[in-house]
Each structure stands twice: as C-alpha cells, then as structure tokens.
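Q: quick one: sequence and predicted model below, then my questions.
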Amino acid sequence: MNTALILIALAVIAWAAFAFNRLVRLRNQVRTAWADVDVQLRRRHDLVPQLVAAVKGYMGHERGVLTAVTELRSQAVALTSPARLGEIEGALERALTQLFALKEAYPDLKANESFLQLQRDLVGVEDNLQYARRFYNGAVRDYNTAIQRFPDLIVGKAGGFTEREFFSAEEGDRPAVNVELSS
C-alpha cells in the first residue's frame, strides 16, 4: 500500500512539474511574441516623425491631421497595456491612412522620393506588424487556455500565472495603411 501511495505521489509531482514547465514555456512565448510586436511598433513610431517632417512643408492646410498623428504617436509610445495600446494604434493607423490620402492634393509631395521611401517603409512595417500581432494573439490564446484548463489551472494559480491581454486593432488584423505606391 505504501508503494502505491509513493507511486501516486511521484506521478502527481511529475505531472505538476510537466504542467509548470509547459506554462512557463507558453508564458515565455507570449513575452517573445510581445517583443516582436514591440519592435514593429517602435519601427512605426520612429517613422512617424520623419513622415510628419517630410509632409509639413507641403501640407500647410492640413495641420489637424499632422497634429493628430503626432499626438497619437506620443500616446502610443507611453503605453504598455496591449488592450489600450491596440485602441491607440488603431487610431494612429486611421490617421496615417488619412495623411496618405491627402497626398493626392499635393503633386509635389507625390513626387518626393523621401516621402515615397517613407511610405514604402511604413507599408513594410505595417505588414510585419500584422504578422507579429497574429503570432502574439495566438500565443496569448494558447497561454490563457492552458492556465484556465483543468487540472493545469491548479498549477497555474499556485505558480502565479495570470491571463494576458490580446492586442488587436479596431479594424481587424489587416494592414491599415493601404496606399498606392505611385509617383
């Protein structure tokens, strides 16, 4: 009888160790995925001031759009919560789309190579951000499911594993800056 109890205790300990290590792996995957999102957001945030500087001379009448883009960028840089950041990033994406739509009224801007290169760079960042967002949200889904599933939730609660927030744009998981790259 003592042998049976020892074997059961060893099985429970082995299961707990396995579950704990799996939760640690999933949590680290979420952290890594967020780092990828963060890199793309930083790249976007670094491009925004350059873009605003490039169009400032051309768009004297469009100060409201330029101010909105600059303010949204500042807010986004200061945030760390994925849910709140998703809201601000969605607004920033819409403001950037509006900024690119205005280029049609400024033929000199449409022909400016610096502006066109910034536009291409931003479209590339948006594509990479879309992929990073999907990977992050998938990692969060797997992690949150694991810490909510019985019997792993016992190890999760004991180990201090807590749910993570999803990062989603208001417009869905599509690139928001959709521009034609014509000169």
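A: In hand now; what should we look at? Numbers count the residues shown, from 1 in each chain.
Q: what about the strands in the chain?
A: All residues of the chain lie outside strands when identified by DSSP state E.
Q: give me the most central residue, it.
A: Among the residues of the chain, the one closest to the centroid is V37, at 4.1 Å (Cα atoms, centre = their mean).
Q: correct me, but L66 touches A54?
A: No. If you go by Cβ atoms under 8 Å, L66 and A54 don't touch, sitting 10.7 Å apart. (Glycine included, C-beta is placed from N, CA and C.)
Q: and the helix or strand of the chain with the lowest mean pLDDT, which residues are buried?
A: The element with the least model confidence among the helices and strands of the chain, by mean pLDDT, DSSP states H and E, is helix 107-111, at a mean of 76. Taking 16 or more other Cβ atoms under 10 Å as the neighbour-count basis, helix 107-111 is seen to contain the buried residues L109.
Q: for the residue nearest to the centre of the chain, which non-adjacent residue is closest in space?
A: Nearest residue to V37 in three dimensions, chain neighbours excluded: A132, at 4.5 Å (Cβ to Cβ, 6 or more residues apart in numbering).
Q: now swap in E104 and tell me
A: In space, E104 comes closest to K110 once its chain neighbours are excluded; the distance is 7.2 Å by Cβ to Cβ, 6+ apart.
Q: ok, now how distant is the one you found from D127?
A: Taking Cβ to Cβ, to the nearest Å as the measure, K110 falls 22 Å from D127.
Q: in stretch 139-159, what's buried?
A: Neighbour-count burial for stretch 139-159 flags 139-140, 143-144, 146-147, 152, 155-156, 159 (criterion: 16+ other Cβ under 10 Å).
Q: neighbouring contacts of it?
A: In this structure, residues lying in contact with stretch 139-159 by Cβ atoms under 8 Å, 6 or more residues apart in numbering are 15-16, 19-20, 22-23, 26-27, 29-30, 32-33, 161-167.
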